[in-house]
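S.K.: sequence and predicted model, in that order:
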Amino acid sequence: MKAKTATPPVRSTYRHGNLRHALLTAGIALAHQGGPHAVVLREATRRAGVVPNAAYRHFASREALLAAVRAAALSRLAVAMEKQLASLGPAKDTLKFARASLRAVGVGYLHFARTQTGLFRTAFAIRVDAPSLARASKGSTGLDPFELLGAALDRLVRAGGLPATRRPGAEYLAWSAVHGMAMLTIDGPLQQLSAQQLDRLGQQLLDMVENGLGVA
């Protein structure tokens, strides 16, 4: 006999702000498991242990919940990139550190796509315009993933590793290349490759990005 899914006990009250947090936590868990299509307001309320109508004070629609989950997913992506940057340790050689920083944000991005696939898909499911949600998409340094890439490129320019004339628009080119590999890894033919093969291809891609940008 198939086991029934446990239903959380229904709560009639939550302390101020706790219900929104509970619903968002449930939405993030749903996205982690099944991507953006799994983020359903009714299921989030079930997991939070409240009746569906209780959610509307905090999230008026499924789209509102998805937007908040998407912002949280972007924040976690930024943190993953920051973790790679932190692993570099203190800067001893300015140019070497600047080059390593650019590679670190790329490695963090690709690794997050492979290990947190549901959240990665959700991070790019919809556009977030609200300022409050944009703030929620940032990492611990106060930068979002795109800003972390831009900061790494600016660091390269200051260190003399990237000509200033090649800096404008460089973040779009680098991001397009790395995001393309990420999507091929999780939804395309590259998903058949081993982790070791993907790591090697990722490093080769970053070599191409550096060469294409003219990094010294």
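M.R.: Sure, I can see it. Residues are numbered from 1 along each chain as shown.
S.K.: and the residue most central in space within the chain, what's its pLDDT?
M.R.: Compute the mean C-alpha point of the chain, and by CA atoms, centre = their mean the closest residue is Leu77, 2.7 Å away. Looking at Leu77, its pLDDT is 97.
S.K.: now do Arg11
M.R.: Taking Arg11 on its own, its pLDDT is 54.
S.K.: helices and strands around the longest helix seen in the chain, which ones?
M.R.: Looking across the chain with DSSP state H, the single longest helix is helix 62-86. Applying 3 or more CB pairs under 8 Å, 6 or more residues apart in numbering; DSSP states H and E, one finds that helix 62-86 makes contact with helix 18-34, helix 41-48, helix 94-115, helix 117-123, helix 131-136, helix 145-159. (C-beta placed from N, C-alpha, C; glycine too.)
S.K.: so where's the protein shaky on pLDDT?
M.R.: 1-17, 128-130, 132 (pLDDT under 70).
S.K.: repeat that for 90
M.R.: 1-18, 50-58, 89-93, 125-137, 216 (pLDDT under 90).
S.K.: thinking again about what came up before, could you tell me the angle between the longest helix of the chain and helix 18-34?
M.R.: Going by axes from the mean of the first three to the mean of the last three CA atoms, to 10 degrees, helix 62-86 is angled at 70 degrees with respect to helix 18-34.
S.K.: helix 62-86: how far from the chain's middle?
M.R.: 4 Å (CA atoms, centre = their mean, to the nearest Å).
S.K.: now do the buried residues in that helix.
M.R.: Burial within helix 62-86, assessed by neighbour count using 16 or more other CB atoms under 10 Å, is assigned to 62, 64-82, 84-85.
S.K.: please apply the same query to stretch 168-182.
M.R.: Buried residues in stretch 168-182 (16+ other CB under 10 Å): 170-171, 174-175, 177-179, 181-182.
S.K.: CA atoms only: put stretch 30-45 into CSV for me.
M.R.: Extracted C-alpha coordinates of stretch 30-45, given in CSV (Å, rounded to 0.1, in the frame of the first residue of the first chain):
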residue,chain,number,x,y,z
LEU,A,30,9.7,23.3,-3.4
ALA,A,31,12.0,25.1,-5.9
HIS,A,32,15.0,23.1,-4.7
GLN,A,33,13.1,19.9,-5.3
GLY,A,34,11.4,20.7,-8.6
GLY,A,35,12.4,24.0,-10.0
PRO,A,36,10.0,27.0,-10.7
HIS,A,37,7.1,24.9,-11.8
ALA,A,38,7.0,23.2,-8.4
VAL,A,39,6.5,26.5,-6.5
VAL,A,40,2.7,26.4,-5.9
LEU,A,41,1.1,28.6,-3.3
ARG,A,42,-1.4,26.0,-2.1
GLU,A,43,1.4,23.5,-1.5
ALA,A,44,3.5,26.1,0.3
THR,A,45,0.5,26.8,2.6
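S.K.: show residues contacting that stretch.
M.R.: With contacts defined as CB atoms under 8 Å, 6 or more residues apart in numbering, stretch 30-45 is touched by 23, 26-27, 47, 51-52, 54-55, 59, 61-62, 65-66, 69-70, 73, 116-119, 121-122, 125-126.
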